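[1] quick one, structure for this:
(2 chains)
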2 protein chains.
Amino acid sequence: MKHLSRLFPGSYRSAGFIEKYQRLVKEMVLPYQYDVMCDIADGAEKSHAIKNFENAAKLLKGENPGEAFYGMIFQDSDVAKWIEATAYSLMRYPDSSLENVLDDLINTISEAQDSDGYLNTYFTLSDKDKRWTNLLEAHELYCAGHMIEAACAYFEATGKTKFLDVMTKNVEHIYKRFVTDGYEGCPGHPEIELALMKMYRITQNRHCLELVERFVNDRGKDPGFYAKEREKRNWTVWDTDPWDNVYRQSDRPVREQTDAEGHAVRAMYLYTGMADLASETDDKTLFDSCCRLWKSVTQKRMYVTGGIGSTVIGEAFSVDYDLPPDTAYCETCASIGLMLFASRMLENDLDSEYADVMERAFYNTVLAGMQLDGKKFFYVNPLECVPGISGESPTHRHDLPSRPSWYTCACCPPNVARIISSIGRYAYGESADTAFVNLYAAGEVKFKNGIELVCKTDYPYGFDVDFKILRGGKLALRIPNWSKKFVLHVNSKTVTPEIKKGYAYLETCDSDEIRLSLDSEPGFIYPSTKIPALTGKVALYRGPLIYCFEGIDNGGDVLSLKIKTDIDPKIIPDIFAPKIAVQAIRKTDTGELYSFKSHKIEPCEAIAVPYYTWANRGVNQMRVWMDAE
Amino acid sequence: MKHLSRLFPGSYRSAGFIEKYQRLVKEMVLPYQYDVMCDIADGAEKSHAIKNFENAAKLLKGENPGEAFYGMIFQDSDVAKWIEATAYSLMRYPDSSLENVLDDLINTISEAQDSDGYLNTYFTLSDKDKRWTNLLEAHELYCAGHMIEAACAYFEATGKTKFLDVMTKNVEHIYKRFVTDGYEGCPGHPEIELALMKMYRITQNRHCLELVERFVNDRGKDPGFYAKEREKRNWTVWDTDPWDNVYRQSDRPVREQTDAEGHAVRAMYLYTGMADLASETDDKTLFDSCCRLWKSVTQKRMYVTGGIGSTVIGEAFSVDYDLPPDTAYCETCASIGLMLFASRMLENDLDSEYADVMERAFYNTVLAGMQLDGKKFFYVNPLECVPGISGESPTHRHDLPSRPSWYTCACCPPNVARIISSIGRYAYGESADTAFVNLYAAGEVKFKNGIELVCKTDYPYGFDVDFKILRGGKLALRIPNWSKKFVLHVNSKTVTPEIKKGYAYLETCDSDEIRLSLDSEPGFIYPSTKIPALTGKVALYRGPLIYCFEGIDNGGDVLSLKIKTDIDPKIIPDIFAPKIAVQAIRKTDTGELYSFKSHKIEPCEAIAVPYYTWANRGVNQMRVWMDAE
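    Prediction:
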């Protein structure tokens, strides 16, 4: 099997930058999100997510729950993502009392499962007869997918099979309907495909794989399916147009899809499942489709921060090169989805370009999704913020200048928690004889193939990466696309490794000390001249981090700054992390809306901070793309 | 009375540039629009506007019309605007057969009027009991306003009173309801206010003035009115939110309004009526409100082309400095409304800034609204067009790269026709002893105060304006804000006139020859640094014309051009009109979406054409605001 293990069955014990984030998730995010789900968090919107399971369990026991289902129709998935994140966190930070909380919750979930294996609190609490009548909107397969992922993570973290058993029973229920009984239709929101692939690799239950094939291969074959389904039922959730198949990537069979279209999160989850299936079954035409869609996303429709989804209308991709920084949607979940897609592409093809994008998305949009204290979250991640316009103009209402604490549609916060807690799975990978370092995540790593190492680095702020090899073997180190040069030392001697598709390969022995020195110079990124919104502009980067200019560091006004790209940026040490200074000119506003006179200009220094840290110091202007001389 | 006569009761016989446009309206636009209204124009959407009147007349005679009302609920206003435009056109080009067509149409209209004075084909053909139950949406007062304007124009053109009598009867019907009988409510779409002011000045019927005072002074006093109205009726047109008072400028009394908000056309028509009333009644607080709103529009929320309405959402103003060039709405009708507002501000205050804006709107957005052959029309006038994105991306769907021939909602084409046919009324003005030249429109002008002159000029392409004074008197010539210098000759001698609020005042005698030489140099316009969408960019102008860069003149690609503002632009003679060349650099796209390498650049010349002429040579890129070094 050619694919890297996505599940990274070895162990990763984080240190450094990653450990700080994993600790934040453990100490702040997970407890807060648990309180939210229990409806006891201050200032957050009511969630009721756990209560829904308790009430469903009561109803199935014949008791009167006394309350209706509350929340979005996919509220169950919040609980699933929280369990998944908590399970990953337990692997890094064992905690028996937290594990007890999980055990209790899983007990409740198991009690909320119907005798036929069905498990979804919305339908159990509202109307059993409506089950499976609304694949278009009802998110039953989506929620099942997240529950499956949670069950897999819980098993991996604790070895306990209870949740996996519950979800296996649920999968058999789904298998019966969609394979044995032959009911038509595919998920309105893809997700279960990638989840079933995870479960298949753990349980080897062929029904998982068959279901994925059923959902991937049948998708888009009958674009009229959802309209026919709509005609058969007398209820809707949002009165969704059943013919808007582009929105949910069901307008044509997946092997005929060429452009990344529609709802960005749905697209990413689907493409991830497709790439998973392609690597599992060596399906060349499916992989070709994945490659086309990957190129469409990353070469035509992706923001420089690894954000995707240019428009709030449908939370969706729009058209090639339509990448406005200020009205961007760039949902946090979509960039998490892009990381998933990238990781599965890497399974099919060991090319660093996939890891480059995975890194871009993680260190920029995904981390920006969470306030530095772990308490507040962005759903939408614009590349420009101008208070007075952002969040206020009708076309900018979704682009908020500061992170709210929780959302009615709370998909992003627990998604951030689970990706941070499991980042080792993306940072490292392995084949039978090789250990792959995709992202430079400090910590101790034990690969299943026997290789063991310790990685020390101040990445993403330091660019020397030191590996102490505990048990040797073949090592493949990704050379990032932003690193214009690198030096590799093995036991203090410079070596020139073999480079294949962006990875440096070298043989290592026990006790070897390896230092990879990547390019530490900041630099500018130049956008394609085909992107109308970005002509004349540049972005600043250092390492994997995209920088931005905030008002607070620049006299309150970044709009009047123009960057000089012919003078090298300068690193400025600071308490939390270094900032970057660039030479610039500042224009003096004439006070007129339009002036026949040019602006007065004066030279100045402009200060940039990493994009992921923006909006942590109050409401102020922010720009990633700056005018440049 | 301090106000200039807006109606310009003297006569203007156009020549030059204006005459070409008036002839186009006469020969192409009016016949085509008549055919559209008769449903016999090729390729246009069905209008049925005239048939609705014929059918209403039949019904009132007790005959069966055999057809339902067809079209938008305000379809009557298309006929009104066409009559108004045609009446103005008759003043320049007398045409007895066209006048007969008008007479017949007015006969039909008079027959479509109910015995109580009510006149609206939608309600007459559908349900009489619904009359006046939906001021929020039904456009009854709006249509009445346009019919009143048409009646005034027809009277002025022909001296015939029939239509004026019909509309006087209609006004008395409205007066009875809203004054005598004391029914509450104000127009959901303002328009009748400015129309009644026109009628008042012709007929001196005090009921007209009282109705304007009633509608202006009561507006916004009870923001709950439309919601209460909604509760009382069991029908809607578009299920409009009755609480969205900002959309229709009814969220607070007009004297408390400070920012230009809501639907841009409604705002302009309302503000015009307010300024009209303020000048008629010397109402200082009302004029103060007009001044605040004027500043809000022109100093914070107006495009450089005189376009207004930043967003398609509600066809509306958004917030200060939110002026994206590519997703602009800039409805043609809104810029016509801005001209009306400007002309009424000029009545209150003889300051050239009002005429500067009037000119900017006319020569750029309003003229751009019509194809050069008079056959197709833009409703929306963006300042940037990128085929592939414009008209296609969900956020750019309203910004079309070429003019369609007619619209279901056909408000703009006849509006363009009537403003062009009556442009003399805006170009010239007068007080008891002074003739004002606001816009430099070539032709023969007879003022009511006795002054007569002939104006010769190639304006807006030539900047010498020659006046031959036939009958002398005081002359006030506007010095445009774009003219950095000017020279005034009287009988070949240089004179230095008195300048007051941007007008040069001079006494003239019979046979005087006056030459005003305005600045003919092209130059750049610099946007406020507070406009996020325009930082780093400049626009090009010459005289009143804003220029744009189209792909067809620039190798198909204007996005990769960056203008050098330190080298003077150069005039290039061309067949139709001169173009302008500016020095620039062109970036070579790297082929990557984002590149760590800077673009290769090479110097080049970039060619600009007047904005109003764009999209006359096929679908191609267009930019007003260009990146600048």
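[2] drop to CA atoms for contacts and neighbour counts, all remaining ones
    Fine.
[3] what's the domain layout of chain A?
    By the assignment in automatic domain parsing, chain A contains the domains A:428-518, A:524-628.
[4] of all those domains, which lies closest to chain B?
    With C-alpha to the nearest C-alpha, the closest approach to chain B among the domains of chain A belongs to domain A:524-628: 4.5 Å.
[5] pull up the distance across that closest one, start to finish.
    Domain A:524-628 has an end-to-end distance of 10 Å (criterion: C-alpha to C-alpha, to the nearest Å).
[6] distance from the chain centre to that domain, please.
    Centroid separation for domain A:524-628 versus its chain: 27 Å, with C-alpha atoms, centre = their mean, to the nearest Å.
[7] repeat that for stretch A:425-436.
    With C-alpha atoms, centre = their mean as the basis, stretch A:425-436 stands 20 Å off its chain's centre.
[8] now do the buried residues in that stretch.
    A:Arg425, A:Tyr426, A:Ala427, A:Tyr428, A:Gly429, A:Glu430, A:Ser431, A:Thr434, A:Ala435, A:Phe436 (16 or more other C-alpha atoms under 10 Å in any protein chain shown).
[9] just the CA atoms of it, as CSV, please.
    Written as CSV, here are the backbone C-alpha positions of stretch A:425-436 (Å, rounded to 0.1, in the frame of the first residue of the first chain):
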residue,chain,number,x,y,z
ARG,A,425,-1.1,13.1,12.5
TYR,A,426,-0.5,15.8,9.9
ALA,A,427,3.0,16.8,11.0
TYR,A,428,4.4,13.3,10.7
GLY,A,429,3.7,10.4,8.4
GLU,A,430,5.3,7.1,7.6
SER,A,431,5.6,4.3,5.1
ALA,A,432,7.0,0.9,5.8
ASP,A,433,10.6,2.1,5.9
THR,A,434,10.5,5.9,6.0
ALA,A,435,9.5,8.5,8.5
PHE,A,436,8.1,11.7,6.9
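[10] quick check: chain neighbours aside, which residue is closest to the residue in the stretch 101-250 of chain A that chain B sits nearest to?
    Residue nearest to chain B within the stretch 101-250 of chain A (C-alpha to the nearest C-alpha): A:Tyr247, separated by 12.0 Å. Using C-alpha to C-alpha, 6 or more residues apart in numbering or on different chains and skipping the chain neighbours, the partner closest in space to A:Tyr247 is A:Gly262 (3.8 Å).
[11] give the contact list for that neighbour.
    A:Gly262 is in contact with A:Val246, A:Tyr247, A:Arg248, A:Gln249, A:Gly314, A:Glu315, A:Ala316, A:Phe317, A:Ser318, counting by C-alpha atoms under 8 Å, 6 or more residues apart in numbering or on different chains.
[12] next one: A:Thr457
    Counting by C-alpha under 8 Å, 6+ apart, A:Thr457 makes contact with A:Gly16, A:Tyr440, A:Ala441, A:Ala442, A:Phe463, A:Asp464, A:Val465, A:Asp466.
[13] same check, this time on A:Lys375
    Under the criterion of C-alpha under 8 Å, 6+ apart, the neighbours of A:Lys375 are A:Met28, A:Val29, A:Tyr32, A:Ser405.
[14] redo those as TSV? Include distance to A:Met339, neighbour count and secondary structure.
    As requested, the contacts of A:Lys375 are exported to TSV (distance: C-alpha to C-alpha, whole Å; neighbours: other C-alpha atoms under 10 Å in any protein chain shown; DSSP: H, G, I helix; E, B strand; the rest coil):
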residue	distance to A:Met339	neighbour count	secondary structure
A:Met28	24	14	helix
A:Val29	21	26	helix
A:Tyr32	25	19	helix
A:Ser405	24	17	coil
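[15] could you work out the most separated pair of the residues you listed?
    Farthest pair in the contacts of A:Lys375 (C-alpha to C-alpha) is A:Met28 and A:Ser405. Separation: 12.8 Å.
[16] picking up where we left off before, which single one of the contacts of A:Gly262 is nearest to B:Ala275?
    Of these, the one sitting nearest to B:Ala275 (C-alpha to C-alpha) turns out to be A:Gly314, at 42.5 Å.
[17] before we move on, the earlier item: tell me which of the buried residues of stretch A:425-436 fall in helices.
    Among the buried residues of stretch A:425-436, DSSP state H puts A:Arg425, A:Tyr426, A:Ala427 in helices.
[18] can the buried residues of stretch A:425-436 go into TSV with extra columns for pLDDT?
    Shown next, in TSV, are the buried residues of stretch A:425-436 (pLDDT from 0 to 100):
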residue	pLDDT
A:Arg425	94
A:Tyr426	95
A:Ala427	95
A:Tyr428	95
A:Gly429	93
A:Glu430	92
A:Ser431	90
A:Thr434	94
A:Ala435	95
A:Phe436	95
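[19] in TSV: those residues, plus distance to chain B.
    Putting the buried residues of stretch A:425-436 into TSV (distance: C-alpha to the nearest C-alpha, whole Å) gives the following:
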residue	distance to chain B
A:Arg425	27
A:Tyr426	23
A:Ala427	23
A:Tyr428	26
A:Gly429	27
A:Glu430	30
A:Ser431	31
A:Thr434	30
A:Ala435	29
A:Phe436	25
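[20] list just the nearest of those to B:Lys160.
    Of all the buried residues of stretch A:425-436, B:Lys160 sits closest to A:Tyr426, with 83.5 Å by C-alpha to C-alpha.
[21] the closest one contacts A:Ser343, doesn't it?
    Yes - with contacts counted by C-alpha atoms under 8 Å, A:Tyr426 reaches A:Ser343, the gap being 6.5 Å.
[22] can you pull the buried residues of stretch A:37-52?
    A:37, A:39-41, A:44-52.
[23] what is the nearest of the residues you listed to chain B?
    Using C-alpha to the nearest C-alpha, A:Glu45 comes nearest to chain B of the buried residues of stretch A:37-52, at 25.9 Å.
[24] what lies in contact with stretch A:130-138?
    Stretch A:130-138 is contacted by residues A:73-74, A:123, A:140-141, A:185-189, A:226, A:229-230, A:233, A:236-238, A:240, A:242 when judged by C-alpha under 8 Å, 6+ apart.
[25] select, out of the domains of chain A, the one closest to A:Arg92.
    Closest among the domains of chain A, using C-alpha to C-alpha: domain A:428-518, at 10.9 Å.
[26] what's the closest non-adjacent residue to A:Glu111?
    Of all residues not flanking A:Glu111 in the chain, A:Ala57 sits nearest, at 4.9 Å (C-alpha to C-alpha, 6+ apart).
[27] following the chain onward from the one helix or strand that neighbour maps to, which element is next?
    Assigned by DSSP states H and E, A:Ala57 belongs to helix A:49-60. From helix A:49-60 onward toward the C-terminus, using DSSP H and E, the following helix or strand is helix A:76-92.
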